[in-house]
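# return atomic coordinates for the entry below.
(one chain, ligands or ions: 2)
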Amino acid sequence: MRTAVLNEPGELAVEERPRPDPAPDEVLVAVGEVGICGSDLHYYEHGRIGDYVVESPLILGHESAGEVVEVGERVTDLEVGDRVALEPGVPCRRCAHCKRGEYNLCPDVTFMATPPDDGAFAEYVAWPADFAYRLPDEVSVREGALCEPLSVGVHVARRGDIGVGDSVLVTGAGPIGLLTMEAARAAGATEIVVSDVVEGKLRRAEERGADATVDPREEDLGDAVARHTGGEGADVVVEASGAESAIAGSLDAVRRGGTVVFVGLADEAEVPLDVLDIVDNELDVRGSFRYRNTYPAAIELLADGAVDAAGLVDFEADLSDVDDAFRRAMDPDTVKGMVTVGR
Ligand SMILES: NC(=O)c1ccc[n+]([C@@H]2O[C@H](COP(=O)([O-])OP(=O)(O)OC[C@H]3O[C@@H](n4cnc5c(N)ncnc54)[C@H](O)[C@@H]3O)[C@@H](O)[C@H]2O)c1
Ligand SMILES: C[C@@H](O)[C@H](N)C(=O)O
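Ligands and ions are numbered 1, 2, ... in the order given. From the prediction side, this is the model:
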């Protein structure tokens, strides 16, 4: 089968690999579409993300969906021909985190396209059937692939306890920020402000339903958010850029007693935060890591038309043009590029 393999930073090659056989609890999926994620681009450019280092050839891609072509002998709830979204992180199911239900925190997770685990830029993937979610007719294979970044947004909305009537600031209008905005809207948020430093991204946020947008280089973020929230600040701030200035500025934009959710990953592990501010204003400061139990909700949001994930897509490219697709995806105005593997 054809795969796209990262051999060296900046060197992505289409290579033949043996087609996998599904284990008894797995399904074999003919991959249809795979989204290009910021982490794929990071491995492509730098060969590492923090402690995860690409030390041997790695198949990238973890936002995927396709069609079941074979089922393992113990699989009872999926059939050949079902279209499925693949949740890319499969936990050990045995550790304390898994048993608590926080399986996104499992230290022994196998996560697609995170060294040393291969990803989904491949014609076929064998995957545990319980991490393959059947798509209803209303949800396309492309949308199925985008359940992955949407899941990040759904988990953020849950971590932030975003609810009816809340005001929310999202810093960063990449795929994660934009899908978080839509998950927040679906959760009941009524005033959503989005900030970014790229004009085209702010326009995208407006087109997709942001109530207001702010470029923090032109206007103080705290003042702008106060103006849109009756002088109070946002009930919930979601930091989805990873930019140090946005991380530090998040505390100026949240109301007293509000919540800040950090989902963006800064290049530096340490970014100064004013702890007195957190104590004095009784802020809830939370991290949000990947997701757990979000795929069913993401699929429902797409089936109901509550979220327009496919509208994020700027371009599609065939697997044979994956290297060029990665270059296009690096343009700051690009939100999402898709690689088509089969249909
Ligand atoms: N915690 C998790 O589980 C998780 C999952 C996926 C992605 N991430 C991280 O979330 C972040 C967003 O992911 P993405 O794929 O949308 O990334 P992205 O790079 O596509 O988007 C980031 C956006 O932030 C904008 N930005 C840069 N500086 C800014 C500033 N000072 N203020 C406001 N916006 C600014 C950029 O212009 C860009 O539009 C990244 O840091 C990524 O690594 C975390
Ligand atoms: C969650 C996923 O989208 C993210 N890029 C990760 O590898 O953690």
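
# centre of the chain to the helix or strand hosting Val154, how far?
Taking DSSP states H and E as the definition, Val154 sits inside helix 147-159. Centroid displacement of helix 147-159 relative to its chain, using CA atoms, centre = their mean, to the nearest Å, is 7 Å.

# what about that helix and ligand 1, touching?
Yes - Helix 147-159 comes into contact with ligand 1 (CB under 6 Å from any ligand atom), by way of Val152. From N, CA and C alone the C-beta is placed, and that goes for glycine too.

# need the residues of the stretch 1-150 of the chain near ligand 2, please.
Checking the stretch 1-150 of the chain against ligand 2 by CB under 6 Å from any ligand atom, the hits are 37, 39, 114, 148.

# one more time with 8 Å, if that's ok
Within reach of ligand 2 by CB under 8 Å from any ligand atom, the stretch 1-150 of the chain has these residues: 37-40, 49, 62-63, 88-89, 111, 113-114, 148-149.

# out of those, flag the one nearest to Asp220.
Gly38 (27.2 Å; CB to CB).

# identify the residue nearest that closest one in space, chain neighbours excluded?
Computed as CB to CB, 6 or more residues apart in numbering, the closest residue to Gly38 that is not its neighbour in sequence is Gly174, at 6.8 Å.

# for the one you found, what are its contacts?
Contacts for Gly174 (CB atoms under 8 Å, 6 or more residues apart in numbering) come out as 38, 201, 240-241, 335.

# confidence score at the residue of the stretch 1-150 of the chain found nearest ligand 1?
The nearest approach of the stretch 1-150 of the chain to ligand 1 comes at Gly38, 3.6 Å away (CB to the nearest ligand atom). At Gly38, the pLDDT value in this model is 96.

# got the phi/psi numbers for Leu221?
phi -60, psi -40 (degrees, to the nearest 10).

# still on that earlier bit, now do the same contact list for the residue of the stretch 1-150 of the chain closest to ligand 1.
By CB under 8 Å, 6+ apart, the neighbours of Gly38 are 174-176.

# so which of these also contact ligand 1?
Among the contacts of Gly38, ligand 1 is touched by 174-176 when using CB under 8 Å from any ligand atom.

# now those as JSON lines including secondary structure and pLDDT?
Formatted as JSON lines, these follow (DSSP: H, G, I helix; E, B strand; the rest coil; pLDDT from 0 to 100):
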{"residue": "Gly174", "secondary structure": "coil", "pLDDT": "98"}
{"residue": "Pro175", "secondary structure": "helix", "pLDDT": "98"}
{"residue": "Ile176", "secondary structure": "helix", "pLDDT": "98"}
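
# now, which of those residues sits nearest Phe315?
Proximity of those to Phe315 (CB to CB) peaks at Pro175, which lies at 13.7 Å.

# how's this structure carved up into domains?
Here the domain assignment for the chain is 2-146+309-340, 153-287, based on automatic domain parsing.

# now do the end-to-end distance for the first one.
This means domain 2-146+309-340. 12 Å (CA to CA, to the nearest Å).

# can you check stretch 51-59 too?
18 Å.

# what's that stretch in contact with?
With contacts defined as CB under 8 Å, 6+ apart, stretch 51-59 is touched by 3-7, 9, 15, 17, 43, 47-48, 113-116, 118-122.
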